[in-house]
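**Student:** no sequence on hand, only this structure:
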């Protein structure tokens with residue numbers, strides 16, 4: 001039985017093509033189609049329903065100590081309103097999930113987890129909690145809307161004062177409002193563009209959605225579905241749980257070393273295993289398809305007759321105008337500029353190893 005987000009009716013009304021995703025019914029695209037939606041976000045602005053994401057509160061005297069043990073990143077030096085990305089690992093150094101932690105205040109953290117892992121993550125936190133701490137699954141209380149694209153800030157400023165908008169990337173303003181509706185405004189992004197996420201009570205979600213679309217009409221703002229969300233995150237080379245990482249793959253193997261603080265004082269879950277594994281034997285790379293065809297996930301990659309790894313995500317990217325893929329390959333097996341072949345249902349398709357991210361917006 002799939003759940004509906006608070007914006008389900010709005011999607012149906014707008015002609016969204018609804019599909020089941022991570023236990024929810026969500027629009028994969030609207031009548032405009034994925035390419036138009038993708039280009040809107042790159043050139044103007046797009047609006048996404050991300051209410052399926054999970055929210056967990058971590059509160060109490062030992063909240064920080066719990067985060068330090070559960071997560072690979074270091075949260076000791078955060079200021080109020082700051083956000084930090086982190087993997088959460090199992091004892092073997094594999095990845096339980098990747099998530100974002102916001103500091104609301106001392107002993108008070110707001111954690112955003114992937115929709116498909118919400119229950120698993122929450123249970124993992126409960127199973128490993130210690131001392132004076134309370135973890136609360138608050139997912140059902142929140143709707144989440146992402147406004148992304150070069151015109152996003154222009155649109156937002158029509159509905160709220162500039163001081164309500166976070167100044168920096170990976171920061172949030174709690175207890176603020178947009179269009180007179182109470183919300184949290186955060187700036188983390190999953191498209192490679194400027195933009196914000198608005199967290200608000202479920203009952204206000206549709207009102208906010210309509211207010212944003214109305215305010216953004218002249219800027220070309222359109223609603224966007226899961227299809228464009230995926231092609232955008234691919235161009236920006238954002239790893240996706242279940243693709244670029246999973247319970248077997250460590251954050252170090254998928255290029256997330258920046259978020260694994262081996263030097264922090266606390267022993268975090270998975271640290272010992274990662275140390276024992278030593279230097280990662282696999283690495284994440286970017287591929288540009290130079291042959292004919294599109295490469296998808298779970299396809300083997302070869303140099304000559306030698307298999308060096310497999311693709312984890314792949315698609316045609318509308319803005320770049322060519323197909324790309326991310327892959328996990330043997331460390332040291334290739335470098336930027338090398339040619340490889342990908343086995344697409346028995347046919348070898350040529351690709352070139354290129355630097356990540358595939359797309360970086362001009363500042």
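**Tutor:** Here it is on my side, so go on. No experiment lies behind these values; they were computed from the predicted model shown.

**Student:** ranges for the helices of this structure?
**Tutor:** 8-13, 34-43, 63-70, 118-128, 152-156, 205-215, 226-235, 271-277 (DSSP state H).

**Student:** what about residue 92, neighbour count?
**Tutor:** Residue 92 has 15 neighbours, counted by other C-beta atoms under 10 Å. C-beta: built from backbone N, CA, C; applies to glycine.

**Student:** for it, give its distance to residue 273.
**Tutor:** For residue 92, the distance to residue 273 equals 5 Å [C-beta to C-beta, to the nearest Å].

**Student:** got it, and residue 207?
**Tutor:** If you go by C-beta to C-beta, the gap between residue 207 and residue 273 works out to 47 Å.

**Student:** low-confidence ranges in the stretch 51-200 of the chain?
**Tutor:** For the stretch 51-200 of the chain, no stretch is flagged by pLDDT under 70.

**Student:** re earlier: what do residue 92 and residue 273 both touch?
**Tutor:** Residues touching both residue 92 and residue 273 (C-beta atoms under 8 Å, 6 or more residues apart in numbering): there are none.

**Student:** which residue ranges of the stretch 51-200 of the chain form strands?
**Tutor:** Remark: strands assigned in the stretch 51-200 of the chain by DSSP state E, counting those that start in this stretch are 54-59, 83-89, 95-105, 108-113, 134-137, 142-148, 172-178, 181-186, 195-201.

**Student:** out of these, deepest packed?
**Tutor:** Neighbour counts (mean count of other C-beta atoms under 10 Å) averaged over each of the strands of the stretch 51-200 of the chain peak at strand 142-148, with a mean of 25.

**Student:** who does it touch, helix- and strand-wise?
**Tutor:** The contact analysis (3 or more C-beta pairs under 8 Å, 6 or more residues apart in numbering; DSSP states H and E) places strand 142-148 against strand 46-49, strand 195-201, helix 205-215.

**Student:** dump those into CSV; add distance to residue 82 as well.
**Tutor:** Formatted as CSV, the helices and strands packed on strand 142-148 follow (distance: least, C-beta to C-beta, whole Å):
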stretch, distance to residue 82
strand 46-49, 23
strand 195-201, 15
helix 205-215, 24
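
**Student:** so which of the ones you listed gets nearest residue 345?
**Tutor:** Nearest to residue 345 among the helices and strands packed on strand 142-148 is strand 46-49; the distance by C-beta to C-beta comes to 31.9 Å.

**Student:** just checking, what packs against the closest one?
**Tutor:** Right, strand 46-49 is packed against strand 142-148, helix 205-215, strand 222-224 by 3+ C-beta pairs under 8 Å, 6+ apart.

**Student:** pairing partners for the shortest one, with directions?
**Tutor:** If I follow you right, that is strand 222-224. strand 46-49 (parallel) (DSSP bridges).

**Student:** ok now the partner strand, how far from the chain's centre?
**Tutor:** On the basis of C-alpha atoms, centre = their mean, to the nearest Å, strand 46-49 sits 14 Å off its chain's mean C-alpha point.

**Student:** just stretch 338-348 next, same as before
**Tutor:** Worked out by C-alpha atoms, centre = their mean, stretch 338-348 lies 28 Å from the chain centre.

**Student:** before we move on, the earlier item: and of the strands of the stretch 51-200 of the chain, who's closest to residue 241?
**Tutor:** strand 95-105 (5.7 Å).

**Student:** contacts only, for the residue lying closest to residue 49 once chain neighbours are set aside.
**Tutor:** What sits nearest to residue 49 in space, not counting adjacent residues and going by C-beta to C-beta, 6 or more residues apart in numbering, is residue 7, at 4.5 Å. Residues counted as contacts of residue 7 (C-beta under 8 Å, 6+ apart) are 49, 51, 143, 145, 205-206, 209.

**Student:** can I get those residues in TSV including distance to residue 255?
**Tutor:** What follows is the contacts of residue 7, written out as TSV (distance: C-beta to C-beta, whole Å):
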residue	distance to residue 255
49	29
51	29
143	32
145	29
205	34
206	38
209	34
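
**Student:** quick check, nearest of these to residue 36?
**Tutor:** When those are compared against residue 36 (criterion: C-beta to C-beta), the nearest one is residue 49, at 17.4 Å.

**Student:** most distant residue from the centre of the protein?
**Tutor:** Distance to the chain centre peaks in the chain at residue 305, reaching 35.0 Å (criterion: C-alpha atoms, centre = their mean).

**Student:** quick one, what contacts the residue at minimal distance from the centre of the chain?
**Tutor:** In the chain, the centroid-proximal residue (C-alpha atoms, centre = their mean) is residue 190; its distance is 5.1 Å. By C-beta under 8 Å, 6+ apart, the contact set of residue 190 is 146, 148, 229, 232-233, 236, 238.

**Student:** now those residues as JSON lines including distance to residue 331?
**Tutor:** Formatted as JSON lines, those follow (distance: C-beta to C-beta, whole Å):
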{"residue": "146", "distance to residue 331": "34"}
{"residue": "148", "distance to residue 331": "33"}
{"residue": "229", "distance to residue 331": "30"}
{"residue": "232", "distance to residue 331": "28"}
{"residue": "233", "distance to residue 331": "24"}
{"residue": "236", "distance to residue 331": "23"}
{"residue": "238", "distance to residue 331": "21"}
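
**Student:** before I go, just wanted to say thanks for your time.
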